[in-house]
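[1] Sequence plus the predicted model coming up.
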Amino acid sequence: MIQNTHWKQLARNWASILFGNALYSLAVALFLEPSGLITGGATGIALAIGRLTGLPVSGLLLFINLAMLVWGWAVLGRAFALNTLASSVLSPAFLGLFEGLLAGRVLTEDIFLCTVFSGLGIGVALGLVIRSGASTGGLDIPPLVLNKWFKLPVSATMLTFDIAVLLMQAVFSPVQQVLYGVVMVLIHTIVMDKMLMLGASRTEVKIVSSQSDAICAAILAQLDRGVTILHGEGGYTREPSAVLLSIVSNRELPRLEKLAHSIDPTCFLIVSHVTEVSGRGFSLDKDYL
């Protein structure tokens, strides 16, 4: 059973990597290239060089990705390179395929639509690839190398590289395309963040009741959720009391509230929206009574 689950998860991961890279390349070919929008990363460099030289963007992107991959292999090791290999090759391959199939076809000349749909497509694609555990490669590698050599923060150097790539393209692009390009980068960043958090939202519930034992048993039996018993003390009476802590899905919250109040109408619940962090814990979003 465990082995079957492992292979199913592996198959889902590879399907996500394939679909994510295909979607990324389709968004670039359909919306990004025809509109002349600017973007960051290795794709931004390939687009800039392609517009100046007329060379195919897919070939330039493959060259850049492989150069970064070899550098990452030499500095960061084989395991990192193998994790990055898929996206380094698949993205340019799919882009070359779509460039050939579309043969210069423009789906829309509306730069606003190109901005929105390229941002949505790239954001979803990157989210799928990263959620599957793969690296997107390209200009994600230099910040990691600099971090290993000089202990520079990855987030700061990554932002610096992206800004440099955007500025490089801005020199040769009309102001309107530059501004829309910045909006597109913001859209795909927000969408990617939402994709990474998709399905990770949970609700933390603390229940204070004089009938905590009965409520705990009901949660375990009827909701099939775990319960942690915290030992509290009344601030005024100084009498010991039990506080129940349980993590449920957002949809299960109404059931839990009805269940607790059916046992003890006087109990009160403290509800917090939390976000799971890599399966190692939860970060607090907000509380309300």
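    On my side now, so go ahead.

[2] where in the stretch 51-200 of the chain is pLDDT low?
    The stretch 51-200 of the chain contains residues with pLDDT under 70 at 155, 199-200.

[3] where along it do the strands fall?
    Under the criterion DSSP state E, counting those that start in this stretch, strands are not mapped anywhere in the stretch 51-200 of the chain.

[4] residue ranges for the helices of it, please.
    Along the stretch 51-200 of the chain, counting by DSSP state H, counting those that start in this stretch, helices occupy 57-76, 78-102, 111-131, 141-150, 154-170, 175-197.

[5] and the angle for the fourth one with helix 57-76?
    Helix 141-150 and helix 57-76 are oriented at 20 degrees to each other (axes from the mean of the first three to the mean of the last three C-alpha atoms, to 10 degrees).

[6] buried sites along helix 141-150?
    Residues of helix 141-150 classed as buried: 141, 142, 143, 144, 145, 146, 147 (neighbour count, 16 or more other C-beta atoms under 10 Å). For the C-beta atoms, the positions are set from N, CA and C on the backbone; glycine is no exception.

[7] just to revisit the earlier point, can you put the helices of the stretch 51-200 of the chain in JSON lines and add distance to residue 273?
    Below are the helices of the stretch 51-200 of the chain laid out as JSON lines (distance: least, C-beta to C-beta, whole Å):
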{"stretch": "helix 57-76", "distance to residue 273": "36"}
{"stretch": "helix 78-102", "distance to residue 273": "32"}
{"stretch": "helix 111-131", "distance to residue 273": "20"}
{"stretch": "helix 141-150", "distance to residue 273": "32"}
{"stretch": "helix 154-170", "distance to residue 273": "25"}
{"stretch": "helix 175-197", "distance to residue 273": "12"}
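
[8] which one of those is the most hemmed in?
    Mean neighbour count, computed with mean count of other C-beta atoms under 10 Å, is highest for helix 111-131 among the helices of the stretch 51-200 of the chain, reaching a mean of 22.

[9] gap between it and the chain center?
    Relative to its chain's centre, helix 111-131 lies at 12 Å (C-alpha atoms, centre = their mean, to the nearest Å).

[10] Repeat that for stretch 45-59.
    Stretch 45-59 sits 27 Å away from the centroid of its parent chain (C-alpha atoms, centre = their mean).

[11] Report the buried residues of it.
    45, 46, 47, 48, 49, 50, 51, 56, 57, 58.
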